[in-house]
Every structure is written in structure tokens, then in C-alpha cells.
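Asks: Structure for this input, please:
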Amino acid sequence: MKGPVAIAVDVMSGDRGPSVVIDAALECLHEAPNLELILVGDTEVVEPLVAGHGRADDKRLRLQHASEVVGMDEPPQQALRGKKDSSMRVAINLVKEGVAQACISAGNTGALMATARFVLKTLPGIDRPAIISPIPAMNGHTLMLDLGANTDCTPEHLFQFGVMGSALATAAYNIEQPAIGLLNVGSEEIKGNDRVKQAAQLLGDSGLNYIGFVEGNDIFSGRVDVVVSDGFVGNVALKTIEGLAKMIGGYIRQEFTRTSFTKVLGGISSPVLRALKRRLDPRLYNGASLLGLNGIVIKSHGSADQVSFANAIRIATLEAEKQVPKRITRLLESQLAKEHHE
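Replies: I've put the predicted structure just below:
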């Protein structure tokens, strides 16, 4: 996609307040000349923060008023029905209207998914949207879906997740034939329940580069580009990964501060430790895509700082430039045409 890219940003959601989001937005505006941002929220709150940066007259930055905010613990249906002028809903509406090519929110995940699905609808041939995010791996990262949107899935849903993940890997990360693995309790064909076995059959019969069942350790091994699972397993795996990373980081800090000698070793090792921290920094992986919608919606962590939220904006920009929903539709159509021909 050439020319300017407009992104709607839900400024009011998240744990850290509008100032962090605005700082991230202005950082991204500075580094991307083709980027236009629409800051959605209470203008009485947002205007002074923007003016404080001296950017009130920036033509690539405009404000869109929204009088309500969805709470982090608010039931999705309550937010959908009762807060039609929330910053989250208004940002999604801008995508629906074609004013923005994508939107970002750090708000309530359930409310964001419910509202986005109601407003934007799903792409043709997609039954349910899925949450996908990059996970650090030996070759850079592995894309994994679903990470919590769908706890109960049919084999057809898992197949659709494979199509969507493959399309995103190709469009956004230039992987021509992304290797797709289906998460299972073992790599042998006899392992797993009937659902994953049937999904494996669908993926194996497709034109996708399906390599078979993979286990949890393969998320990090680099042998697979996309890992497919239902949302229950995917979310448990994601939270386990996050918890393990925090524990290892804590252990490293403890060991390098245990004695005077280990403190010296820590000082000597600091370049290596800093490089390791950068590679595993969860802020650089912030920004999960709600794939399968007729529009681009990015979910940021609620606790995102400026670095984290800026990364979510970059992901939204990339997906808009690559027109990911259209890529998914074309790939799914080619799969359906293949089945019809056979």
C-alpha cells in the first residue's frame, strides 16, 4: 500500500493513561513520514497533552472525541451495548468507515474482540477471528495463534487459523512458504485428540506448507514459522512463556548480585546481558493482531509503556501497508478453489 497510512489509536484505554500512548504516537510520527494518526479519546484530556509537545498544528495528527471509556474488567456485552461512544468503539468505527486503515487499543481484550467482530464482521470464509502474536525464537520469532479468543475450536477453525497465520507470515514478514505446525502433545501422527487429527488432515491436504504436529518446545526451536492451537491451549502457553521469562530474568539478577565476586562478573558480562535482554524484551513483541476481521485491529498490552505501545503502532502500520485482510482472503479463496478442483 503506497501513500499515507492512517491509524486510529484508542488513547484512553490501558493502565498507564493517555500520556504514554501520546508519547508513543509522537515517536512513531517522527520516524514514519507516511504515517497519520487519529487519537481517539476525551479531547479535554488529550488536547493539552498534545499541545504540551508542541504538536497541536501537526497535519498528520488529529483528534477524534469519544465521551466514554471501556473499563478493563467490564463485561464485553455490556461494553458493546452500553458504550457506543467509547474510545474503543469510535476507533473501530473509523476503520469500518475507511477513515483509518487500522486501529489499536490497550483496553479490555474481550470487549475489543466483541466490538470489533460486531462492527467489522469477519472475512468471507472465516468463522472466528483469532489472536496472533510473535513469540521469541531461535530464528527471530514464531507466530502463534490462537492466543485466547476461541477456547473451543473445530478442526475447520484450526485450519482457518493456519491459513490466516500463513498469510500474515508472508505479507508482514516476507516468508514465502511459512512452515506451519499444529500444537499437540507429541509429534507422532497417532498422538492427540480427534479434533487435532482432523485439523491435521485438513492442513495436510491444503497447499500450505504444513509440517505436521509440533510440541511446546518447537515454539522456540526455529523449525516452524506459525504454530496453530485453540485459544485455551494458546493462552496457557503464552502466559507460561511470559512467567518463565520473568523467572529466568529474576534468577539472573539474583545470581549476579549474590556476592562481590558475582557482581564483578556481572559487570564484565554486562554487554552480553544487555544483548540478551534486548532479544527477549517483551516490549518489542507487543501488539497482537485480531486476525480474520474485515479490518485491522491490534491489541496492545494494558500495561504497555511507550516502547511497547510504539511497537504496536508499527505492527498496525505494517499490516495496513501490506493489506493483510486482503491477503488472507486471497489465500483462503485459493484454498477453496483447490478443494473444488479436486
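Asks: which stretches of the stretch 1-150 of the chain form strands?
Replies: 5-10, 35-41, 61-65, 102-105, 130-137, 140-145 (DSSP state E, counting those that start in this stretch).
Asks: Run the chain-centre distance for the fourth one.
Replies: It refers to strand 102-105. Relative to the chain's own centre, strand 102-105 is displaced by 11 Å; criterion: C-alpha atoms, centre = their mean, to the nearest Å.
Asks: Adding mean pLDDT, distance to residue 239 and mean neighbour count, write the strands of the stretch 1-150 of the chain out as TSV.
Replies: From N, CA and C alone the C-beta is placed, and that goes for glycine too. TSV is the format used below for the strands of the stretch 1-150 of the chain (pLDDT from 0 to 100; distance: least, C-beta to C-beta, whole Å; neighbours: other C-beta atoms under 10 Å):
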stretch	mean pLDDT	distance to residue 239	mean neighbour count
strand 5-10	96	24	27
strand 35-41	95	29	25
strand 61-65	94	34	17
strand 102-105	96	20	30
strand 130-137	91	12	22
strand 140-145	91	12	23
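Asks: Quick one: these as a markdown table, columns for distance to residue 24 too.
Replies: Output for those, formatted as a markdown table (distance: least, C-beta to C-beta, whole Å):
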| stretch | distance to residue 24 |
| --- | --- |
| strand 5-10 | 9 |
| strand 35-41 | 10 |
| strand 61-65 | 13 |
| strand 102-105 | 10 |
| strand 130-137 | 18 |
| strand 140-145 | 21 |
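Asks: any residues touching stretch 315-326, and which ones?
Replies: By C-beta atoms under 8 Å, 6 or more residues apart in numbering, the residues outside stretch 315-326 that reach it are 1, 5, 7, 28, 32, 35, 101-104, 123, 167-168, 171-172, 287, 289, 291, 293-296, 298.
Asks: tell me which residues in that stretch are buried?
Replies: Neighbour-count burial for stretch 315-326, with 16 or more other C-beta atoms under 10 Å as criterion, is recorded at 315, 316, 317, 318, 319, 320, 321, 322, 324, 325.
Asks: before we move on, what about stretch 298-305?
Replies: Quick answer for stretch 298-305 (16+ other C-beta under 10 Å): 298, 299, 300, 301, 304, 305.
Asks: hang on, the earlier thing: of all the strands of the stretch 1-150 of the chain, which lies closest to residue 283?
Replies: Taking C-beta to C-beta, strand 130-137 is the member of these nearest to residue 283, at 11.9 Å.
Asks: and the angle for the closest one with strand 140-145?
Replies: 160 degrees (axes from the mean of the first three to the mean of the last three C-alpha atoms, to 10 degrees).
Asks: tell me the contacts of the residue lying closest to residue 176 once chain neighbours are set aside?
Replies: Leaving aside its chain neighbours, residue 176 sits nearest to residue 170 (6.5 Å; criterion: C-beta to C-beta, 6 or more residues apart in numbering). Contacts for residue 170 (C-beta under 8 Å, 6+ apart) come out as 176, 178, 327.
Asks: repeat for residue 191
Replies: By C-beta under 8 Å, 6+ apart, the contact set of residue 191 is 184, 185, 213.
Asks: Quick check: the first one touching residue 190?
Replies: No. Under the criterion of C-beta atoms under 8 Å, residue 184 lies out of contact with residue 190, with a separation of 10.5 Å.
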